[in-house]
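Trainee: From the sequence below, what's the structure:
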Amino acid sequence: MSDKAPWITYRPELKVLDCTIRDGGLINNSQFTDEQVRAVYQTCLAAGVDYMEIGYKNAPAQFPKSKYGAWRHCEEEDMRRVVGDHTFADTGLKLTAMADAGGKSDWKHQIIPAKDSVLDVIRVACYVHQISDAVEMIEHCTALGYETTLNIMAISVVAEADIDQALEIGAKSSVGTIVVVDSYGNLYREQIDHLVRKYTQAVEGTGKHVGMHAHNNLQLAFANTVEAIILGANRVDATLMGLGRGAGNCPMELLLGFLRNPKFKLRPVIEAIQNTIRPMRQQFDWGPSIPYNITGQMNLHPKSAMAWREGPAPDDYLGFYDQTLTDV
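Mentor: Alright, predicted model coming up:
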């Protein structure tokens, strides 16, 4: 391999998705201000990012508006209040929202035809046992005119045979992208290699893309995203300053700094981090820390680490370690 290898990072078909507001909403119940969401939107436009995930399409019945902010439901009037009459044709940016399978989203009623929405893409997230429900949602959204993705979550705890079956089902659907999702931040390079190759083989000849969504529990989110890109993944997720649930995600500032596509601009990202994202640290906790590292190593959901970090002794790392060993 060439030491320079410019072909690795400059591929016109490689698209970057910002999920700052959607994944970051898991640390503040999606209670971002309009100004914060607008700042991220304007940053994505200025930086040349291809997709912005503005939040969830989750049901108010399960996620009441008294507790959750507008970006947990992404109703049209809320989105238009921030992005106006956004269109991909005018901006070159596709807006997306995530809808969870398993009853969290009232998708038959919440998701309107794409021609009437500022959204361009619906990303359907599911656990492997929900794959049939997810495909039904995908077909519904495709019929409404949306680009779609399939995000199979917590893939690090899924049996090989179940991954194969889910990919076989997904590959036969109308979905445009199937995403490798390291929900627990547990995967190493060798596992990323294995999964990206498996996903790529599953969609070969279908015209579908493979994506990567990494969490940073082992501080490998950026490295694993780079590895996925090297292996041909053409849809990759990142967030400003890594803002996201628990240990956070692949940092956008690192990813754009790595990529060689001249359309991407780093300065707007740095500006948004300084003015919008970094001040949130005074109120919210995210990013790599020992408790998240522990759950990542043990291949556990980070919810216990999140609860510990919000408790009376957030920096009692030994106490968390001992408790986790007891609970496992």
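
Trainee: switch to C-alpha atoms for all contacts and neighbour counts from now on
Mentor: OK.

Trainee: Next, the buried residues of stretch 319-327.
Mentor: 320-321, 324 (16 or more other Cα atoms under 10 Å).

Trainee: Can you give me the distance of residue 316 to residue 70?
Mentor: 34 Å (Cα to Cα, to the nearest Å).

Trainee: These two - which one has more neighbours?
Mentor: residue 70 (22 against 13; other Cα atoms under 10 Å).

Trainee: ok, now which ones touch that one?
Mentor: By Cα atoms under 8 Å, 6 or more residues apart in numbering, the residues touching residue 70 are 30-31, 78.

Trainee: Tell me the most packed of those residues, by neighbour count.
Mentor: residue 30 (21 neighbours).

Trainee: Assign that residue to helix, strand or coil.
Mentor: coil (DSSP: H, G, I helix; E, B strand; the rest coil).

Trainee: okay but it is in contact with residue 65, surely?
Mentor: No - the criterion here is Cα atoms under 8 Å, and residue 30 misses it with residue 65 at 10.3 Å.

Trainee: Excluding covalently adjacent residues, which one is nearest to residue 88?
Mentor: residue 94 (5.4 Å; Cα to Cα, 6 or more residues apart in numbering).

Trainee: hang on, the one you found packs against residue 54?
Mentor: No - contact between residue 94 and residue 54 fails when scored by Cα under 8 Å: they sit 10.2 Å apart.

Trainee: For the two, indicate the residue with more neighbours.
Mentor: Neighbours were counted for residue 94 and for residue 54 using other Cα under 10 Å; residue 54 has more, 27 against 21.

Trainee: Name every strand pairing with the helix or strand hosting that one and say which way it goes.
Mentor: Per DSSP states H and E: residue 54 is located in strand 51-56. The strands beside strand 51-56 in its sheet (DSSP bridges) come out as strand 15-18 (parallel), strand 94-100 (parallel).

Trainee: got any ranges where the protein has weak pLDDT?
Mentor: Along the chain, segments meeting pLDDT under 70 span 1-9.

Trainee: So if we follow the domain assignment, how does it break up?
Mentor: 6-282, 290-327 (automatic domain parsing).

Trainee: which of the ones you listed sits most buried?
Mentor: Neighbour counts averaged per stretch over these are highest for domain 6-282, at a mean of 20; criterion: mean count of other Cα atoms under 10 Å.

Trainee: correct me, but residue 293 touches residue 215?
Mentor: No - using Cα under 8 Å, residue 293 makes no contact with residue 215, being 10.8 Å away.

Trainee: Same list (the contacts of residue 70) but as JSON lines, adding distance to residue 47.
Mentor: Listed next are these as JSON lines, based on distance: Cα to Cα, whole Å:
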{"residue": "30", "distance to residue 47": "23"}
{"residue": "31", "distance to residue 47": "24"}
{"residue": "78", "distance to residue 47": "24"}
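
Trainee: In terms of distance to residue 260, which of these ranks first?
Mentor: residue 30 (32.5 Å; Cα to Cα).

Trainee: can you pull the contacts of the closest one?
Mentor: Per Cα under 8 Å, 6+ apart, neighbours of residue 30: 21-22, 24, 55, 68-72.

Trainee: returning to that earlier point: of all the contacts of residue 70, which comes closest to residue 236?
Mentor: Using Cα to Cα, the contacts of residue 70 come closest to residue 236 at residue 30, 22.1 Å.

Trainee: and the residue nearest to that closest one when sequence neighbours are not counted, what are its phi and psi?
Mentor: Distances taken as Cα to Cα, 6+ apart place residue 69 nearest to residue 30, at 4.8 Å, with adjacent residues excluded. Note on residue 69: backbone dihedrals following degrees, to the nearest 10 are phi -80, psi 180.

Trainee: Equivalent analysis for the one 5 residues further on, please.
Mentor: Note on residue 74: backbone dihedrals following degrees, to the nearest 10 are phi 50, psi 50.

Trainee: Next one: the residue lying closest to it once chain neighbours are set aside from residue 116, what distance?
Mentor: Spatial nearest neighbour of residue 74, chain neighbours left out: residue 57 (5.7 Å); criterion: Cα to Cα, 6+ apart. Distance, residue 57 to residue 116, using Cα to Cα: 16 Å.
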